[in-house]
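**Student:** output the structure for:
(2 chains, ligands or ions: 2)
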2 protein chains.
Amino acid sequence: MQDFLPVLRLLCGLLGIFSATLCVPLATSILGKEQLWADYALPMLIGMFAGALGFYRLRHCRQELQPRHGIMLVTSVWFLLPAFAAIPIWLISHQINAPIGIAPAYFEAVSGLSTSGATVLTSLDTLPLSLNMWRTFMQWQGGMGILILAVAVLPMLGVGGSQVFKSEVAGPIKDTKLTPRITQTAKGLWSVYLGLSILCFLAYWVAGMPAVDALMHMFTTVSLGGLSSYDSSFGHFDSALLETISTLIMLIASCNFALYFVAMRKRSLRGFWREAEVRATIGTLVIGGLIISLFLWWKNIYALPEALRYGMFNTISLATTTGYATADYMHWPIFAPMLMLLLSSVASSAGSTGGGIKMIRALILLQQAKRELIRLVHPRVMNPVRMNGDMVDNKVIFSILAFILFYTCSIIVLSMLLIMTGIEPVTAFSAILASINCAGIGLADVGPSGNYSFMTDFQLSICSFAMLLGRLEILSVMVLLLPSFWRR
Amino acid sequence: MQDFLPVLRLLCGLLGIFSATLCVPLATSILGKEQLWADYALPMLIGMFAGALGFYRLRHCRQELQPRHGIMLVTSVWFLLPAFAAIPIWLISHQINAPIGIAPAYFEAVSGLSTSGATVLTSLDTLPLSLNMWRTFMQWQGGMGILILAVAVLPMLGVGGSQVFKSEVAGPIKDTKLTPRITQTAKGLWSVYLGLSILCFLAYWVAGMPAVDALMHMFTTVSLGGLSSYDSSFGHFDSALLETISTLIMLIASCNFALYFVAMRKRSLRGFWREAEVRATIGTLVIGGLIISLFLWWKNIYALPEALRYGMFNTISLATTTGYATADYMHWPIFAPMLMLLLSSVASSAGSTGGGIKMIRALILLQQAKRELIRLVHPRVMNPVRMNGDMVDNKVIFSILAFILFYTCSIIVLSMLLIMTGIEPVTAFSAILASINCAGIGLADVGPSGNYSFMTDFQLSICSFAMLLGRLEILSVMVLLLPSFWRR
Ligand SMILES: [K+]
Ligand SMILES: [K+]
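**Tutor:** Numbers count the residues shown, from 1 in each chain, chains lettered A, B, ... in the order given. Ligands and ions are numbered 1, 2, ... in the order given. Got it, this is the predicted structure:
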């Protein structure tokens, strides 16, 4: 285990930094005179102290990291930081006489940081503002983490190389050397994220959302997180204007942030629109939304204008893996929410904060599938898979296929575990799909009007695991099961 | 279309031969004095005449066939012969005052010939004996077709080459040159099938089944077909001895028939047991049965002896894609039938009459998945996939992965189609899974105590398509969608 001390050191460093961000709900709590400040201040100070101490004591463990160290680091970060983030949630739940256990608190924190947006808390409207602030702010941080962690934070802490890159983007994100150093890439992504956040906040605010709501919902829109401070989610505002703004921001945020950075530098969106993944993502989301809208109209659920309003917003929200709702779509024919949920598996880009398979993998798979069909009729024809004109190596295709294989098997195995514990199949399957895609909302009992509070600790742990599995792109967790991983 | 005349010729030949097999229900009908003989005799004579005429008129179209002709041939055979086989079913349903439409009759015939064993007919116990004979005899013929068609019948009719081989075994069946000529291989497989059939019939008969029942249930056991002449399926006999015999035959029939032929020739089963696929298939079936049995015991559904009896039989029956039932397992906790149904996707061998992915594909995929994980930690390690000691080529692996991809997507798309037409998700998904695996029995409304009679024509057509898709190993149907397939 000596071997993993450098990983532990970086973990301590990240814990220290992450603890400091508890100042946001702490400030909210103090300004709101909630008498809950100690629940934030105490974990914050302990976390900062423990993190700094560990980082300092292990200062001699700085040898060059191997790929497996990188995998170990991101996996432990994503599994352990939520445990810390859960502490204030657990403490406050006891203060406000709605105590939850350790597993639910961990679930809530995982759901926050992974930007899933599933929740075990009820009566959100009456929660202390600082707690809702922490929940939504976690998602915003999670979004930063998803974009930045593997690309920038790790190198900044001394972890080198693009091998680590794999852990968050085990697939085909373009290794474009945007700027000579990866840290600068990170700053670039971050500035786009920040810019979009400011735009989103202002738009919500100008369009009539109270400033605090605008802030919290900005947090969970740009991160495609989907948590809300209201039980009725985005439906609370009942404003077609706000829904339109939200839809546009979600569409923007579902594309690769690196492309925005490039576009900004080139002062042109031309290259952006030429990307196959951008077109496919936006196309799938808009056409998916239209199909659902027309289906609702055809089935006489709504008149055409309402069908378009509710169909587009809820479809794009779920398919981008955000998970806001403005209608209890479990009252729609089940085909609609099922299709919406299935879309969440593919309809966001690599390099965004969305979850699931990612559109670029789906595009490459589609071509690969066609290639195999052609090979059946014309065995000798060479027919390489191309993406934006570049040939895709067979190794990359194998890697994507492995991802899909593990993704599918994980969904089956984890759903069966939930079913074994007594959950009915549609709920179980959709809960796992919503978790692994980090979409948060499923069907039936975990649909838009339900939540995860009915689940046992074991069931919640499975869902927490599914969310982390999805966020870590599955393979980086699975690889820990290899005995050869642990051999030096 | 000129190009496909040789295919049409062979199709006519097969129609002629297949029509002749209507003599079995015809004889049954005459012996039983049912007054239904014309319903068999008429289609039989017309089919034989039309087939012979076509075969003769097209005698000049005998040029060498290309791979795509082979694909065209098997696809059209499997789609069109059931249409002919459906005629007596349709005719008789009107004679006995339980008329069914054309889509249900086609469904019933597809279900028979593909050895799925799903049914739209009700009150099986009161059907004319000749009709039950035809239904079960179709399955036995289907089993022969599955084993023989692509390997032997086509070459016998003048279609050469192992390219055609691919259409029924698009994957990794071992292209062992059992005997110099493929026709001899076919005879070999057929003799094994016939031997097992005789063994099965005698065992059923000696163990107490009436001779006619023994014959009909032999037809549907060795073909892993699962149709029964009783509404209560194999449960009608309520005999632990018969269930044990049936279980053993199903276990035997779920392995590769080519291996039995080799073992017979060598007079030794040693090589047989050394095959990875045999061990995995039998192992999965037996361990799967034990898990379900223990689960039922743990959940207090049965005492241990009953749990073993019902758990083993029903699990092995569904997992081998047979589909007999001796209990309405929809009354068991849903985990059990779901696991049984999932097992049906993998738990039979290539070269058997079972359906689904086939165990050898699953074994290769498992190794491929592990190889990709190792590559993540040790990018330079070469780690070829091996099967029984032989290296598996990357092309084969790509082909298997394409199969899995199409298999998964087909299940999703066809289930969603059923859901769109208003079927509830568990029924829809399990109906498609049961159809594409040719297992016949699903869950909920299409579970062991249900059947497919409630479905609309459109829904039945989707299920028929799923059965044929599964039987033709998906890719050989999908390839017809390629425009380049139709170009000369
Ligand atoms: K989400
Ligand atoms: K069957």
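**Student:** going forward, measure contacts between C-alpha atoms and count neighbours the same way
**Tutor:** Noted.
**Student:** so residue A:327 sits in a strand?
**Tutor:** No - read with DSSP: H, G, I helix; E, B strand; the rest coil, residue A:327 is coil and lies in no strand.
**Student:** am I right that it is in contact with residue A:310?
**Tutor:** Yes - Residue A:327 is within contact range of residue A:310, at 7.0 Å (criterion: C-alpha atoms under 8 Å).
**Student:** these two: which has the busier surroundings?
**Tutor:** Using other C-alpha atoms under 10 Å in any protein chain shown as the criterion, residue A:327 and residue A:310 rank with residue A:310 on top: 23 against 18.
**Student:** okay, and the helix or strand of chain A with the least pLDDT?
**Tutor:** Least confident helix or strand of chain A, by mean pLDDT, DSSP states H and E, is helix A:165-168 with a mean of 30.
**Student:** what number of residues lie near residue A:44?
**Tutor:** If you count neighbours by other C-alpha under 10 Å, residue A:44 ends up with 26.
**Student:** my guess is it contacts residue A:24, does it?
**Tutor:** No - the criterion here is C-alpha under 8 Å, and residue A:44 misses it with residue A:24 at 10.7 Å.
**Student:** residue ranges with poor pLDDT in the stretch 251-400 of chain A?
**Tutor:** For the stretch 251-400 of chain A, no stretch is flagged by pLDDT under 70.
**Student:** so where do the strands sit in it?
**Tutor:** For the stretch 251-400 of chain A, strands defined by DSSP state E, counting those that start in this stretch occupy the ranges A:386-387, A:390-391.
**Student:** what's around the closest residue in space to residue A:128 that isn't next to it in sequence, how many residues?
**Tutor:** Using C-alpha to C-alpha, 6 or more residues apart in numbering or on different chains and skipping the chain neighbours, the partner closest in space to residue A:128 is residue A:34 (7.4 Å). Residues contacting residue A:34 under the criterion other C-alpha under 10 Å number 13.
**Student:** looking at it, residue A:34 is touching residue A:127, isn't it?
**Tutor:** No - Residue A:34 is beyond contact range of residue A:127, at 10.9 Å (criterion: C-alpha under 8 Å).
**Student:** hang on, the earlier thing: can you name the element that comes right after the least confident helix or strand of chain A?
**Tutor:** helix A:182-206 (DSSP states H and E).
**Student:** quick one on the thing from earlier: the residue nearest to residue A:128 should be in a helix, yeah?
**Tutor:** No - assessed with three-state DSSP, residue A:34 is coil; it does not lie in a helix.
**Student:** which pLDDT does the model give it?
**Tutor:** Per-residue pLDDT puts residue A:34 at 89.
**Student:** which bits of the stretch 201-350 of chain A sit near ligand 1?
**Tutor:** Within the stretch 201-350 of chain A, the positions near ligand 1 by C-alpha under 5 Å from the ion are A:225-226, A:321-322.
**Student:** which one of the residues you listed sits closest to residue A:433?
**Tutor:** Nearest to residue A:433 among these, counting by C-alpha to C-alpha, is residue A:321 at 10.6 Å.
**Student:** what's the burial count for the closest one?
**Tutor:** Other residues near residue A:321 come to 37 when the count uses other C-alpha under 10 Å.
**Student:** for chain B, see how far away the residue of chain A most remote from its centre is.
**Tutor:** Going by C-alpha atoms, centre = their mean, the residue of chain A most distant from its centre is residue A:380, 42.4 Å out. Taking C-alpha to the nearest C-alpha, to the nearest Å as the measure, residue A:380 falls 12 Å from chain B.
**Student:** how close does that residue sit to residue B:483?
**Tutor:** Residue A:380 is 18 Å from residue B:483, where distance means C-alpha to C-alpha, to the nearest Å.
**Student:** same deal with residue A:281?
**Tutor:** Residue A:281 sits 26 Å away from residue B:483, going by C-alpha to C-alpha.
**Student:** tell me, how many neighbours does residue A:210 end up with?
**Tutor:** By other C-alpha under 10 Å, the residues close to residue A:210 number 11.
**Student:** er, residue A:416 actually
**Tutor:** Neighbours of residue A:416 (other C-alpha under 10 Å): 23.
**Student:** give me the nearest residue to it, chain neighbours excluded.
**Tutor:** residue B:335 (6.9 Å).
**Student:** residue A:79 too?
**Tutor:** Nearest non-adjacent residue to residue A:79, counting by C-alpha to C-alpha, 6+ apart: residue A:468, 7.1 Å away.
**Student:** ok, the one you found touching residue A:77?
**Tutor:** No - between residue A:468 and residue A:77 there is no contact under C-alpha under 8 Å: 10.5 Å.
**Student:** what strand or helix carries the residue of the stretch 151-300 of chain A found nearest ligand 1?
**Tutor:** Using C-alpha to the ion, the closest approach of the stretch 151-300 of chain A to ligand 1 is made by residue A:225 at 3.8 Å. Assigned by DSSP H and E, residue A:225 belongs to no helix or strand.
**Student:** tell me the spacing between the nearest residue to it once chain neighbours are set aside and ligand 1.
**Tutor:** Leaving out its chain neighbours, the residue that sits closest to residue A:225 by C-alpha to C-alpha, 6+ apart is residue A:115, at 4.1 Å. Remark: distance between residue A:115 and ligand 1 (C-alpha to the ion, to the nearest Å) = 5 Å.
**Student:** ok but residue A:115 is inside a helix, no?
**Tutor:** No - Residue A:115 is assigned coil when assessed by three-state DSSP, not a helix.
**Student:** thinking it is in contact with residue A:224, fair?
**Tutor:** Yes - Residue A:115 is in contact with residue A:224 according to C-alpha under 8 Å; the separation is 6.6 Å.
**Student:** more neighbours: which of the two?
**Tutor:** Legend: neighbour count by other C-alpha under 10 Å for residue A:115 and residue A:224, higher for residue A:115 (38 against 33).
**Student:** spit out the contact partners of that one.
**Tutor:** A:139-140, A:142-143, A:220, A:223-226, A:322, A:353, A:438-439 (C-alpha atoms under 8 Å, 6 or more residues apart in numbering or on different chains).
**Student:** same check on residue A:339?
**Tutor:** Taking C-alpha under 8 Å, 6+ apart, one finds residue B:416 in contact with residue A:339.
**Student:** what sits against residue A:233?
**Tutor:** Contact analysis of residue A:233 by C-alpha under 8 Å, 6+ apart lists A:227, A:324-326.
**Student:** ditto for residue A:478
**Tutor:** Residue A:478 sits next to residue B:373 when contact means C-alpha under 8 Å, 6+ apart.
**Student:** quick one: pLDDT of it?
**Tutor:** On the pLDDT scale, residue A:478 gets 84.
**Student:** same question, residue A:65
**Tutor:** In this model, residue A:65 is scored at 64, pLDDT.
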